[in-house]
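A.B. asks: Just to be clear, the model below is a prediction. Sequence and coordinates:
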Amino acid sequence: YGTQTGDSEELGFRMYSQLEQTLHFHLGLCTELDSIPFNSFIQIWKTHCNVMLFFVSTTGDAYAPSTMKSFWIQIRKKSLKSDELKGLKFVLFGLGHSSYPKFNAVGKRLEKRLIQLGAQSVIPSVFSDDAKSNGGHDFYFSQFYENLLEYLESQRELHSNSNYFKPSLQSPSPQVIIHQSSPINQLLNQSNISTLSPNQSNNFRSSLNQSKLFSSNWRTNQAVRIGSKKLALLEFEVVRNDRITSESMTDREVRHITLKIRNFQSTFYRPGDVLYVMPRNETVLVNAFLTMMRLNEPEYDIDEENLYIEKPRVNISQPCSIRQLVECHFDINAIPKRQFIQKLCEMCPNALEKSRLEYFLGSEEGESDLIQYTIREKRSILLVFRDFPSIRPSLSQLIQIMPRIRPRAFSIASSNRTSSENVELCVSVVKYSAILNTIRHGLCSNYLSHLYAGSIVPGWIDRGSIEFPNLEKLKEKVSLVLICTGTGIAPMRAFLNELEMSFAKKSVEIYMYFGCRHEKDGDFLYENELKKYVSRGMIKGLRVAFSRDQIEHEKKIYVQDLLEEDKDIMKPILLDGKTQIYITGSSGAMPRQVQNTLEFIAFGTNASQSDENALHAFQKRIHTECW
C-alpha cells in the first residue's frame with residue numbers, strides 16, 4: 001500500500017484480515033511499498049506471489065504518498081523492459097477525492113504503468129471517491145471485495161494443488177503485554193495476555209526507554225511515530241496562541257499559533273512544508289468513554305502507567321496508563337466505518353441490538369440506513385456505544401477494533417529564514433452542527449485552539465505537496481500567480497516571508513488572489529502584511545474576493561470571478577511558459593473552478609479542444625494543495 005494519512009493502510013490490512021478469515025488464504029506481506037527495495041519486489045512476486053493487491057492514494061497535487069515515493073520513482077524508470085513484470089497478476093484499489101482536479105491520478109498512473117511492463121489486471125481496478133455521500137471508500141471497498149472474492153474462488157478451483165490457495169493458519173490476534181503486578185489483569189481477555197516476569201519486564205522497560213523519541217522531562221502522553229518512514233519526531237512548545245478573527249464571528253475562528261522547536265538547530269524547513277501534529281481527545285470525552293466502557297471503576301487505576309502493548313502499534317510510548325491510551329490512541333470521536341459496525345455485531349450479546357446491527361449490514365436498505373446513521377448524521381463511535389449499551393468490549397478487544405488517532409497536517413505559515421527556531425501555523429477551528437443537534441469539533445484544530453503558552457505539542461515536519469521556486473537558484477525573472485482562500489494563505493505567507501529576506505525578490509513578480517467571507521472582523525487574514533508587501537512592490541497585484549459582503553440576492557464574488565475580470569491582464573502572464581501558478585485552500589469546488597477559469601483565460605471557451613500538448617504543459621505549471 002501507498003498511504004499518506006492512513007486510509008490505504010487501513011484498507012490494506014482490512015482486506016488482509018477479511019481474506020484470511022473468510023477463505024483462509026495463504027497470505028504473504030501487507031506492507032508499505034517503500035518498505036522493500038524494488039528488486040526485492042520483483043523477486044517476491046516471481047517466487048512467492050500468485051496475486052498482488054495494491055492500495056494506493058493520491059496526495060496533494062497528484063503526488064505519490066510518502067510511503068511509496070521510492071517505489072514510484074523506480075517503477076517509472078525508462079530503463080525497465082516492456083516485459084519486466086510479465087506474468088504478474090495484480091488487483092488495484094485507488095483512493096481519491098473528486099474535488100481534486102487530478103482525481104485518483106496515482107492509482108490510474110500505476111495501473112497504466114503496470115500494464116505497460118507486462119502485468120495483467122485480473123479484475124477491473126476501482127478508483128474510490130471519498131467525496132460521494134454513499135459511504136465513500138467503504139462503499140467502493142465492499143464492491144471491490146466481492147469482485148475479488150469471486151475471482152479468487154474461481155482460481156482456487158483451478159489451482160487446487162497450489163500452496164497459495166491452501167488454507168493457512170489464522171494469524172494471532174493483537175497481543176497485550178502488561179506488567180505482572182498490574183491490577184488491570186482483570187480487564188483483559190486472558191487468552192490474549194502474555195505476562196512478564198519482573199526481570200523480563202525490567203528488560204522490556206529498558207528497551208522501550210532507549211527507543212523513546214522525546215526528552216525525559218516531558219513524561220505524560222508521549223507520542224511516537226506512525227508508520228515506517230524515518231522522520232525525526234520533535235517537541236514543539238507553544239509560544240503564542242492568538243485568535244486573529246474577531247470574537248463577533250461566532251461561525252468562524254482562525255488562530256495564529258507560534259511554536260518553538262526545542263531542538264531547532266537540526267531543523268530546516270521550506271515554504272510549502274507541513275507540520276504533522278499528533279492530537280489528543282478532549283478530557284470530557286475521555287472521561288465519558290472510560291465511564292461508558294466501565295474502565296474507571298475503583299479497582300482499576302486508570303492513571304497508573306503499567307500497560308505495555310506489543311501489537312498493534314499505538315501512538316504513545318510505554319508503559320502507559322489506560323487514560324493515556326484513550327486520550328492519545330483511540331479515535332473515539334471518529335465516524336465509525338462499516339467494518340467497525342461489523343465487529344460490534346459479532347460481539348453484541350443483546351438479541352434486539354444485534355438484530356438492528358444485522359439489519360444495517362444485511363441488505364441494500366439497511367446499508368442505506370447505516371450511511372444515514374453514521375455518515376450523514378455524523379454519529380461518533382462514542383455515540384454508537386451509547387446507542388448499543390450491551391456492547392462493552394474488554395480493553396484488549398478495544399485495542400483491536402478502535403481506530404487510532406492519526407496525525408493531522410498543517411501547512412507552515414512562516415519562513416525558516418525569518419523565524420529559524422519557530423514554526424507558525426494558521427489554523428481554522430472546525431466546529432459545526434450535526435443533524436442530531438450536536439456540535440462536532442475537529443479533533444486536531446480543537447486540540448490546538450485550547451493550548452496555552454508552554455504546552456508541548458508532539459509532531460514532525462515533512463515535505464508538502466507543493467514546491468515553490470528555489471530563490472537561491474533563480475537566474476531569470478519569473479511570474480508567480482498565487483491563488484488562495486481562507487487558511488490556504490498559510491503556505492503563500494511562508495513563501496512571501498522567504499521572498500522578503502531574499503536578494504531575488506526583484507526577480508519575482510507576484511500576482512495574488514485571496515478569497516474570504518468578509519472584509520472586516522479579521523477574516524481578511526494577514527491583511528496588514530499583504531498590504532505592506534504591495535506598498536513595497538513585492539506583490540505587483542493583489543485582489544481580494546469577499547464572498548459574503550454582497551447585498552441579498554446579489555451574486556457572490558469568488559477568486560475565480562476576479563481572475564475572469566482580469567483576463568486581459570492575466571492571459572499573457574499565464575501563457576508565459578516560465579509562470580508558475582499555485583492554488584491552496586478548501587478542497588471543495590474551488591480548485592476545479594479556479595483551474596477551469598485559468599484554462600478559459602489561457603485558451604478560450606474551447607480549452608478542452610486546444611492543442612493537447614500546450615494544454616498539458618500549462619496544467620503542469622499549476623500546483624495545488626487543498627484540504
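C.D. replies: In hand now; what should we look at?
A.B. asks: in terms of contact, does residue 29 touch residue 41 like I think?
C.D. replies: No - with contact defined as CB atoms under 8 Å, residue 29 does not count as touching residue 41 (10.0 Å). Glycine gets a C-beta too; all of them are placed from N, C-alpha and C.
A.B. asks: So for these two, which sits in the more crowded spot?
C.D. replies: In this comparison of residue 29 against residue 41, neighbours counted by other CB atoms under 10 Å, the higher total goes to residue 41 at 20 against 13.
A.B. asks: for residue 557, helix, strand, or coil?
C.D. replies: Taken by DSSP: H, G, I helix; E, B strand; the rest coil, the conformation at residue 557 corresponds to coil.
A.B. asks: Any idea how many residues pack against it?
C.D. replies: Neighbouring residues of residue 557 were enumerated by other CB under 10 Å; the total is 17.
A.B. asks: For it, give me its contacts.
C.D. replies: Remark: with contacts taken as CB atoms under 8 Å, 6 or more residues apart in numbering, residue 557 is in contact with 545-547, 550.
A.B. asks: And the helices in the stretch 51-200 of the chain?
C.D. replies: In order along the chain, the stretch 51-200 of the chain carries the following helices (DSSP state H, counting those that start in this stretch): 69-75, 105-116, 137-158, 198-211.
A.B. asks: repeat for the stretch 351-500 of the chain
C.D. replies: Read by DSSP H, counting those that start in this stretch, the stretch 351-500 of the chain holds these helices, from start to end of the chain: 351-362, 364-371, 381-387, 395-401, 443-449, 489-500.
A.B. asks: Let's have those in JSON lines, adding mean pLDDT, distance to residue 598 and mean neighbour count.
C.D. replies: Conversion of those to JSON lines gives the following (pLDDT from 0 to 100; distance: least, CB to CB, whole Å; neighbours: other CB atoms under 10 Å):
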{"stretch": "helix 351-362", "mean pLDDT": "95", "distance to residue 598": "44", "mean neighbour count": "15"}
{"stretch": "helix 364-371", "mean pLDDT": "91", "distance to residue 598": "36", "mean neighbour count": "15"}
{"stretch": "helix 381-387", "mean pLDDT": "96", "distance to residue 598": "42", "mean neighbour count": "17"}
{"stretch": "helix 395-401", "mean pLDDT": "89", "distance to residue 598": "46", "mean neighbour count": "20"}
{"stretch": "helix 443-449", "mean pLDDT": "95", "distance to residue 598": "30", "mean neighbour count": "21"}
{"stretch": "helix 489-500", "mean pLDDT": "96", "distance to residue 598": "17", "mean neighbour count": "24"}
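A.B. asks: For residue 291, find the nearest of the ones you listed.
C.D. replies: Minimum separation from residue 291 across the helices of the stretch 351-500 of the chain (CB to CB) falls at helix 381-387, 10.8 Å.
A.B. asks: Show me the contact partners of the closest one.
C.D. replies: With contacts defined as CB under 8 Å, 6+ apart, helix 381-387 is touched by 285, 288-289, 292-293, 331-336, 340-341, 344, 374, 379, 391-392, 402-403, 436, 438.
A.B. asks: Mind giving me the PyMOL select for those residues, buried ones only?
C.D. replies: Provided next is the PyMOL selection string for whichever of those are buried by 16 or more other CB atoms under 10 Å:
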select buried, resi 285+288+289+293+331+332+333+334+335+336+340+341+344+374+379+391+402+403
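A.B. asks: Now, the contacts of helix 381-387 that are in strands?
C.D. replies: Of the contacts of helix 381-387, none are assigned to strands by DSSP state E.
A.B. asks: from the contacts of residue 557, which would you call buried?
C.D. replies: Taking 16+ other CB under 10 Å as the criterion, what is buried in the contacts of residue 557 is 545-547.
A.B. asks: I'd like to know which of the residues you listed is nearest to residue 519.
C.D. replies: Of all the buried ones among the contacts of residue 557, the one with the least separation from residue 519 (CB to CB) is residue 546, at 4.9 Å.
A.B. asks: contacting residues for the closest one?
C.D. replies: With contact taken as CB under 8 Å, 6+ apart, residue 546 is in contact with 516-519, 523-524, 557.
A.B. asks: Burial check on residue 132, number of neighbours?
C.D. replies: The criterion is other CB under 10 Å. On that basis, residue 132 has 13 neighbouring residues.
A.B. asks: Quick one: low-confidence residue ranges for the stretch 251-400 of the chain.
C.D. replies: Applying pLDDT under 70 to the predicted model, the residue ranges of the stretch 251-400 of the chain that meet it are 263-266, 298-300, 310-313.
A.B. asks: possible to save the helices of the stretch 51-200 of the chain as CSV with distance to residue 275 and mean neighbour count?
C.D. replies: Written out in CSV, the entries for these read as follows (distance: least, CB to CB, whole Å; neighbours: other CB atoms under 10 Å):
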stretch, distance to residue 275, mean neighbour count
helix 69-75, 19, 18
helix 105-116, 23, 19
helix 137-158, 26, 16
helix 198-211, 23, 12
